[in-house]
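J.: Everything below, folded, please.
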Amino acid sequence: MTFCLDGGKYLNLKMEKNRQRIYPHIKKGRFYNYPNETPERFLFRSFVIYLKSFINRLFYHPVVADWRVDMQPLRTSAKPAITWIGHSTFLIQADGINVLTDPIFGDATSLFPRIIDPGLTLSQLPRIDYVLISHNHLDHMDASALTVIRNLNPQCRFLVPLGDKPWFDRRGFLFVEEHTWWQDSFFENNGISLRFTFLPAYHWTQRGIFDKNRSLWGSWMLQFPSCKIYFAGDTAYASHFRQIGREFGPIDCALMPIGPCEPHSWMKYSHVNAFEAFQGFKDLQARHFIPMHWGTFYFGTDTFDMPMQMLQEVWEQKQDEILLEELHILRVGERLMLPESTIPFVQDVEQIQELQ
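T.: Numbers count the residues shown, from 1 in each chain. Presented below is the predicted three-dimensional model:
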């Protein structure tokens with residue numbers, strides 16, 4: 001990122017960024033990824049894919065125990081620590097702050113039972129300071145888990161996409177902030193400065209029959225004094241990765257979904273496979289790659305470990321493009337200690353100018 005001392009130049013740079021930014025499109029109270037997007041009718045195709053997925057469950061029995069470990073969670077950590085609890089649920093700890101992403105600790109629905117137990121139970125979690133939600137699908141915004149987290153952490157703040165706050169308000173959540181793309185939240189927590197930015201993704205939302213795309217979806221940038229971590233949420237591959245990389249790169253670590261990946265002809269409109277996730281990771285200008293959103297539920301026709309096999313394959317194929325980047329394949333429940341970042345933490349325009 002280029003910083004300019006001159007105020008006029010900085011404003012020109014900011015205007016240029018704003019022209020390149022991707023924003024959600026709203027029509028008749030619904031959000032869309034791009035103008036004139038026509039929502040696909042999912043019912044019949046979803047039924048066919050679910051049927052194939054169900055057949056997979058009957059005849060394919062993976063050894064999932066090898067993919068789970070029991071590690072005692074840290075109560076707090078000064079150094080960046082990332083624990084994969086499963087699916088898109090991570091415990092992210094840095095500078096004494098604890099953040100949880102897209103918490104789900106049980107089944108998505110009765111039709112989509114959990115394949116592998118979560119790496120931590122709700123009762124094992126340390127104090128949670130912030131919960132970040134990427135979108136309102138049942139496997140990312142689970143009511144029972146959120147209620148328990150709220151009850152155990154009365155001061156916890158919940159950062160959610162635009163349109164989801166009423167859902168939390170109806171359930172008595174007190175500290176909820178909703179965000180549109182590119183919107184920041186700044187916090188001071190025990191003398192620690194934090195910046196969370198809600199960013200684009202290419203996806204959709206729905207919890208009931210008639211509320212498709214009534215709320216927004218997205219990804220999150222988490223900036224601590226010691227590190228910068230990108231949480232991709234759930235997304236297809238699109239130009240938002242390049243835009244985020246231009247504005248926020250370099251990034252210490254990217255938490256990237258890699259499934260469901262089959263059937264790709266359909267999944268590519270809302271999810272990334274491993275090859276697309278790798279390209280998004282490169283677009284982001286990130287250093288460390290942690291895969292997620294695989295192996296927890298049978299949402300596609302891919303088998304349990306197919307996304308991981310594809311990721312290992314693409315990492316081998318792309319060796320000529322890999323310089324300092326590192327792949328960290330975590331098992332459910334496993335914790336990674338990231339090296340402390342050398343990237344300066346930027347909170348506002350004044351700090352940007354001070355860097356020069």
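J.: from memory residue 25 sits against residue 35, does it?
T.: Yes. Under the criterion of CB atoms under 8 Å, residue 25 makes contact with residue 35 at 5.4 Å. Every C-beta, even on glycine, is put in place using the N, C-alpha and C of the backbone.
J.: quick one: contacts for the residue most central in space within the chain?
T.: In the chain, the C-alpha nearest the mean C-alpha coordinate belongs to residue 233, at 2.7 Å (CA atoms, centre = their mean). Counting by CB atoms under 8 Å, 6 or more residues apart in numbering, residue 233 makes contact with 88, 102, 134, 135, 140, 201, 203, 217, 218, 219, 220, 257.
J.: if you set the cut-off to 7 Å instead, what comes out?
T.: 88, 134, 135, 201, 217, 218, 219 (CB atoms under 7 Å, 6 or more residues apart in numbering).
J.: Residue 25 and residue 35 - which one has more neighbours?
T.: residue 25 (13 against 7; other CB atoms under 10 Å).
J.: how much space between the residue nearest to that one when sequence neighbours are not counted and residue 56?
T.: Distance criterion CB to CB, 6 or more residues apart in numbering; nearest residue to residue 25, sequence neighbours excluded, is residue 32 at 4.5 Å. Using CB to CB, to the nearest Å, we find residue 32 at a distance of 32 Å from residue 56.
J.: Roughly how far does residue 222 sit from residue 142?
T.: Distance, residue 222 to residue 142, by CB to CB: 20 Å.
J.: Looking at these two, which is more packed in?
T.: residue 222 (24 against 21).
J.: Could you verify that that one is part of a helix?
T.: No. Assigned with DSSP: H, G, I helix; E, B strand; the rest coil, residue 222 falls outside any helix and is strand.
J.: pLDDT score for it?
T.: Here, the pLDDT recorded for residue 222 equals 98.
J.: Okay, and the beta partners of the closest residue to it other than its chain neighbours?
T.: Closest residue to residue 222 apart from its sequence neighbours, by CB to CB, 6+ apart: residue 229 at 4.5 Å. Residues in a beta bridge with residue 229, per DSSP bridges, are residue 222, residue 253.
J.: Is residue 229 in contact with residue 223, as I believe?
T.: No. With contact defined as CB atoms under 7 Å, residue 229 does not reach residue 223; the gap is 8.0 Å.
J.: picking that back up, model confidence score at the residue nearest to the centre of the chain, please.
T.: Reading off the model, residue 233 has pLDDT 97.
J.: Done for today, thanks.
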